[in-house]
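S.K.: no sequence for this one, just the structure:
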């Protein structure tokens, strides 16, 4: 059985809809709790697949969260080895940062449901099922593109919403992995951030009811296509 190691930064931001898909594809899923369990070079080199999940911290906050130094170095080693790596939100920022891209706060928080604009490359990529589909945004940082990264999607406040590097790395700012049935965990866990950003959680809940199922289905198609390419 292949192994997927998911690096989790907060408990409720998990593999979501990816969990069942990974099981169907013959992967065993194991979580590593960032900041609690040590991350060494071999930790991320050994698994067949590494999933870097989201969280409310910035990759540039190594002084405040020293574990990030080891995590970033391990991510870089895995990417140098061209081993399949999928990053979501903070996870995508970790991939970008590890490869020398700039990551910093964007012009505003992007929280809620909205579609992304696929680039020409994005329309021909594994992201094609997302065309016109609202997805969950929940981030404040933006990143530039690292060398070799191809931009796949954008929004007005975030020019780089998704990127791919060869067949082995995919980074997504948005959350198509999130199980919409668990939105309340996000609303509870991120209550301080929601309050500071003046986001009406009732509106996020309403949007989730309207768009969640469609986004989850599109997300499964995206991840299925990417896994097919990464392990072909």
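M.R.: Sure thing, it's come through. Remember, it's a predicted structure, so these values are computed and weren't measured experimentally.
S.K.: mind checking the longest strand of this protein?
M.R.: strand 103-114 (DSSP state E).
S.K.: In its sheet, which strands sit next to it, and in what direction?
M.R.: The strands beside strand 103-114 in its sheet (DSSP bridges) come out as strand 135-143 (antiparallel).
S.K.: got the residue ranges for the strands in this structure?
M.R.: Counting by DSSP E, residue ranges of the strands within the chain are 2-8, 27-33, 49-52, 85-88, 103-114, 117-118, 135-143, 150-155, 158-165, 169-172.
S.K.: Which pLDDT value goes with the residue nearest the centre of the chain?
M.R.: For the chain, the residue nearest the mean C-alpha position is residue 88 (0.4 Å; C-alpha atoms, centre = their mean). Looking at residue 88, its pLDDT stands at 98.
S.K.: With the one 10 residues further on instead?
M.R.: The predicted structure scores residue 98 at 98 on the pLDDT scale.
S.K.: Residue numbering should commence at 17 henceforth.
M.R.: Yep, numbering from 17; the last one is residue 114 now.
S.K.: what residues are up against it?
M.R.: With contacts defined as C-beta atoms under 8 Å, 6 or more residues apart in numbering, the neighbours of residue 114 are 88, 89, 91, 92, 95. C-beta here means a position set from N, CA and C on the backbone, and glycine is covered the same way.
S.K.: and if you look at residue 179?
M.R.: 108, 112, 161, 162, 165, 166, 167, 168, 186, 187.
S.K.: just the buried members of the residues you listed?
M.R.: Buried by 16 or more other C-beta atoms under 10 Å: 108, 112, 161, 162, 165, 167, 168, 186, 187, out of these.
S.K.: quick one on the thing from earlier: output the contacts of residue 114 as JSON lines; include the columns distance to residue 157 and neighbour count.
M.R.: Shown next, in JSON lines, are the contacts of residue 114 (distance: C-beta to C-beta, whole Å; neighbours: other C-beta atoms under 10 Å):
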{"residue": "88", "distance to residue 157": "14", "neighbour count": "19"}
{"residue": "89", "distance to residue 157": "20", "neighbour count": "14"}
{"residue": "91", "distance to residue 157": "16", "neighbour count": "27"}
{"residue": "92", "distance to residue 157": "19", "neighbour count": "18"}
{"residue": "95", "distance to residue 157": "19", "neighbour count": "23"}
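S.K.: mind listing which of the residues you listed are in helices?
M.R.: Using DSSP state H, the members of the contacts of residue 114 that fall within helices are 88, 89, 91, 92, 95.
S.K.: The second one against residue 58, yeah?
M.R.: Read it as residue 89. No - using C-beta atoms under 8 Å, residue 89 is not in contact with residue 58; the gap is 11.7 Å.
S.K.: rewinding a little: for the residue nearest to the centre of the chain, what are its contacts?
M.R.: Residue 104 touches 67, 68, 69, 70, 187, 188, 191, 193, counting by C-beta under 8 Å, 6+ apart.
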